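Trainee: How does the following fold in three dimensions:
(2 chains)
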There are 2 protein chains.
Amino acid sequence: MNATAGKIAAPAIRNGVDVGALFATIAAIKADPGIAEFRFRAANRWLGGDRNLTTVTGFFGAKQEQPHAQPFEMECGEPPVLLGQDRGANPVEFLLNALIGCLTTTMVFHAAARGIEIGSVESTLEGDIDLRGFLGISPDVRKGYREIRVKMRVKSKGSPAVLRELAQYSPVFDVCSRALPVRVEVETF
Amino acid sequence: MNATAGKIAAPAIRNGVDVGALFATIAAIKADPGIAEFRFRAANRWLGGDRNLTTVTGFFGAKQEQPHAQPFEMECGEPPVLLGQDRGANPVEFLLNALIGCLTTTMVFHAAARGIEIGSVESTLEGDIDLRGFLGISPDVRKGYREIRVKMRVKSKGSPAVLRELAQYSPVFDVCSRALPVRVEVETF
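Mentor: Below is the predicted model:
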């Protein structure tokens, strides 16, 4: 069992991922790129003050609606020092979750496809924000994180450089590290 | 009660936000910008296959460690069509939550400071991803969302244009809509 074991014998399940299904998906997309078009959605309702609740019920992908097994709810809050009730992680903490969740899943799936076994992944990350941007005190201070640092500790015989490269196929890493058009519409009633 | 009511009489609480505390925070930061330096953190553990769990316990801000009232856990998963067990929202859905949670809180807080009353906010958002980028099938296809569209429906006498401008002070909007340095380190054992 080593980083190139896939060349010798490909198990059906590697890193908890069904490698046969993964290769079948890739083949299907190569034959019909329309299968690769996904549209993810969320709805959110303000609960007053610092609190709001997102619900995700499904998405479109592989040419059809894909309802989740059950709706997923995510409640955002703010801590007392940011004038909130601390009832949920705050949005910039949820962003860290989205980033590390995506880096981890991406590394694990791509490693499975390459025949690289992964035994465990434990990560920490941190990001710096100067609130003068958000508060509109200093127009030259960035409103969001100015940098995020991620440390992933992986039990694997794969090389750290290759695993890092695989992780960086992550869609959320891509969104954070490159500009993205976000179109915001507001209507009032 | 109108969009400029703040000029006439400022209530202590507007939109569920303690406006006095908000102005006091802004004054304190203007006097000592070091108070505005925040560092948010998260830890994540892979649970096998498509599943991983993020824990957030606290952060640094206003010159001290700020533990949350309780740890917040966020479990990421993938749906069956993406070879997962559908045990949690997936990372790109968590990203939508981070974005809309941040836009909502930012709009509400800034509106409170400007004397704009908000009665309700309900939003939907959607983002398009072509999985050929993530899967490494087409190097010219973006790995993450190529666009996110947000619709916010707000009960308010404030103008939609002003509310949109206020929402866009959002740190997560800033991260998504502008490039950000994300530094990923991988070590193996």
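
Trainee: how about the nearest residue to A:Phe72, chain neighbours excluded?
Mentor: Using Cβ to Cβ, 6 or more residues apart in numbering or on different chains and skipping residues adjacent in sequence, the residue nearest A:Phe72 is B:Ala89, 4.0 Å away. C-betas here are computed from N, CA, C, even on glycine.

Trainee: Kindly report the same for A:Gln168.
Mentor: Nearest non-adjacent residue to A:Gln168, counting by Cβ to Cβ, 6+ apart: B:Val184, 6.4 Å away.

Trainee: ditto for A:Leu131
Mentor: Closest residue to A:Leu131 apart from its sequence neighbours, by Cβ to Cβ, 6+ apart: B:Ala36 at 4.0 Å.

Trainee: Might one say that the one you found is in contact with A:Asp128?
Mentor: No. At 10.8 Å, B:Ala36 does not count as touching A:Asp128 under the criterion of Cβ atoms under 8 Å.

Trainee: Give me the more crowded residue out of the two.
Mentor: Comparing B:Ala36 with A:Asp128 by other Cβ atoms under 10 Å in any protein chain shown, the one with more neighbours is B:Ala36, at 24 against 15.

Trainee: Who are the contact partners of that one?
Mentor: Contacts for B:Ala36 (Cβ atoms under 8 Å, 6 or more residues apart in numbering or on different chains) come out as A:Asp130, A:Leu131, A:Arg132, A:Leu135, A:Ile137, B:Ile29.

Trainee: between these, which is closest to B:Asp18?
Mentor: Of all those, A:Leu135 has the smallest distance to B:Asp18: 14.8 Å, by Cβ to Cβ.

Trainee: Verify the stated contact: that closest one with B:Ile26.
Mentor: Yes. If you go by Cβ under 8 Å, A:Leu135 and B:Ile26 touch, sitting 5.7 Å apart.

Trainee: Between these two, which is the more surrounded one?
Mentor: Shown here are A:Leu135 and B:Ile26; by other Cβ under 10 Å, A:Leu135 has more neighbours (20 against 17).

Trainee: and the gap between the more buried one and B:Val92?
Mentor: According to Cβ to Cβ, to the nearest Å, A:Leu135 and B:Val92 sit 29 Å apart.

Trainee: Could you tell me the phi and psi values at the residue nearest to A:Phe72?
Mentor: Main-chain dihedrals, B:Ala89, degrees, to the nearest 10: phi -60, psi 150.

Trainee: Which single one of the contacts of B:Ala36 is nearest to B:Cys76?
Mentor: The nearest member of the contacts of B:Ala36 to B:Cys76, counting by Cβ to Cβ, is A:Leu131 at 27.4 Å.

Trainee: per-residue confidence averaged over stretch A:105-114?
Mentor: For stretch A:105-114, mean pLDDT rounds to 96.

Trainee: what residues does that stretch touch?
Mentor: Stretch A:105-114 is contacted by residues A:3, A:6, A:14-17, A:19, A:22-23, A:26, A:117-118, A:121, A:152, A:154, A:156, A:158, A:162-163, A:166-171, A:173, B:46, B:49-50, B:52, B:76, B:78, B:83, B:90-91, B:134, B:136, B:186 when judged by Cβ under 8 Å, 6+ apart.

Trainee: can you check stretch A:59-75 too?
Mentor: Defining contact as Cβ under 8 Å, 6+ apart, one finds that stretch A:59-75 is touched by A:34-35, A:37-41, A:47, A:51-58, A:87-88, A:94, B:74, B:79, B:81-82, B:86, B:88-89, B:93-94, B:97, B:101, B:131.

Trainee: mind listing what's buried in it?
Mentor: Going by neighbour count (16 or more other Cβ atoms under 10 Å in any protein chain shown), the buried part of stretch A:59-75 is A:Phe59, A:Gly61, A:Ala62, A:Gln66, A:His68, A:Phe72, A:Met74, A:Glu75.

Trainee: residues in contact with the nearest residue to A:Arg149 once chain neighbours are set aside?
Mentor: Distances taken as Cβ to Cβ, 6+ apart place B:Arg183 nearest to A:Arg149, at 5.0 Å, with adjacent residues excluded. When contacts are counted by Cβ under 8 Å, 6+ apart, B:Arg183 touches A:Glu147, A:Ile148, A:Arg149, A:Val150.

Trainee: try it again with 7 Å
Mentor: Counting by Cβ atoms under 7 Å, 6 or more residues apart in numbering or on different chains, B:Arg183 touches A:Glu147, A:Arg149, A:Val150.

Trainee: so which strand or helix has it?
Mentor: Under the criterion of DSSP states H and E, B:Arg183 resides in strand B:182-188.
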